[in-house]
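Novice: quick one, structure for this:
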Amino acid sequence: MCNVSQPALTRAIQKMEDELGGLLFSRERNNTHLTELGRMLVPNLSEVLTRTQAAKETAQRFLRLDSAHLKLGVMCTIGPVRFVSFLSCFRADNPGIEITLTEAVPDRLCDLLMKGELDVALIARPDGFASPLQAQPLYRERFVIACSAGHPFALKNVVSIAELDGQPYLARINCEYFDTLRDTCHANGAHMVGAFRSEREDWILTMVAAGMGVCFLPEFSNTIPGVISRPVISPAIEREVCLVTVAGRRWSSPVSAFIRAVKQYRWPQGRDGTDTPALETAAA
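Specialist: Residues are numbered from 1 along each chain as shown. Below you'll find the predicted structure:
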């Protein structure tokens, strides 16, 4: 049984015969049978049917979030401490979705989003996002000053910007707030001495731990033992990490599930010790 009425089946066969330019069936009163052309095409048509069924099964698994894929972009400067707990919860609720993480600087992530090579991305930019990129704020975090355990700053509760004047500075090249941090320091009379520059966050932090200088760091990005961080004041500087998508682009089932989870998740360890819910301003 193929769940197709006889008239519909007859019309479908006739349409196929018209397209192929020959009869597939010899129609006799009580002896309808395949023609020679029909017998020749049976293997091809069987393969088409098999591939069609396989395609439907693949689509159904994808829509059920079984064997589905999500391409997530993450800024180089985002530490895993804040986000990995969300990913763990998301994975537990959606075990059929495999996430591929791509790490890059903000401009590169935005470019990959526009080209469709990423589904969503975690980005913070001091100057915001140009259309058609759409950003949903997830959480805010302060910039801290990172130093070694033996540095005088380690004995303080907070460090003012002015106190950074003359300090050897270890520059994180991929820091998206580099210009903002530099300009803020200059505006408050702090001129630090360049010591080392590197794209490798782990190298910079290892040098900080070794007492080779200090650096600005998002408060949840430190993953190196021996690095002490102190909040910066006068003025305080913070960034907003957003989940960025392309406005108007239809979301696949795994992307929709991911967006829903982000909006429902309460981000832990806020600055005041409370949970931080994601803002519900993005399009559903």
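Novice: where exactly do the helices run in the stretch 101-250 of the chain?
Specialist: Ranges of helices within the stretch 101-250 of the chain are 106-114, 178-187, 201-209, based on DSSP state H, counting those that start in this stretch.
Novice: residues making contact with the first one?
Specialist: Outside helix 106-114, the residues that touch it by C-beta atoms under 8 Å, 6 or more residues apart in numbering are 73-75, 102, 104, 118, 120-121, 123-125, 129, 132-133, 176, 244-246. All C-beta spots, glycine's among them, are computed from the backbone N, C-alpha and C.
Novice: so which bits of the longest strand seen in the chain are buried?
Specialist: As assigned by DSSP state E, the longest strand anywhere in the chain is strand 133-148. Across strand 133-148, burial judged by 16 or more other C-beta atoms under 10 Å covers 133-136, 138-139, 141-148.
Novice: could you do stretch 207-222 as well?
Specialist: The neighbour-count check on stretch 207-222 (16+ other C-beta under 10 Å) flags 207-209, 213-222 as buried.
Novice: sorry, back to before: what's the PyMOL line that selects buried ones from the contacts of helix 106-114?
Specialist: Filtering the contacts of helix 106-114 down to the buried ones (16+ other C-beta under 10 Å) takes a single PyMOL command:
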select buried, resi 73+74+75+104+118+120+121+123+124+125+129+133+176+244+245+246
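Novice: just how off-centre is the longest strand of the chain within its chain?
Specialist: Here the centre of strand 133-148 is set off from its chain's centre by 16 Å, with C-alpha atoms, centre = their mean, to the nearest Å.
Novice: and it, which strands flank it?
Specialist: Sheet pairing of strand 133-148 (DSSP bridges) gives strand 215-218 (antiparallel), strand 227-233 (antiparallel), strand 238-246 (antiparallel).
Novice: show me the contact partners of the shortest one.
Specialist: Pointing back at strand 215-218 there. 77-79, 141-146, 169-172, 175, 177, 181, 204-205, 208, 229, 232, 237, 239.
Novice: mean confidence score for it?
Specialist: Strand 215-218 comes out with an average pLDDT of 92.
Novice: C-alpha coordinates for that strand, CSV please?
Specialist: Extracted C-alpha coordinates of strand 215-218, given in CSV (Å, rounded to 0.1, in the frame of the first residue of the first chain):
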residue,chain,number,x,y,z
CYS,A,215,47.0,43.8,32.5
PHE,A,216,43.4,44.6,32.3
LEU,A,217,41.2,41.5,32.2
PRO,A,218,37.4,40.8,32.2
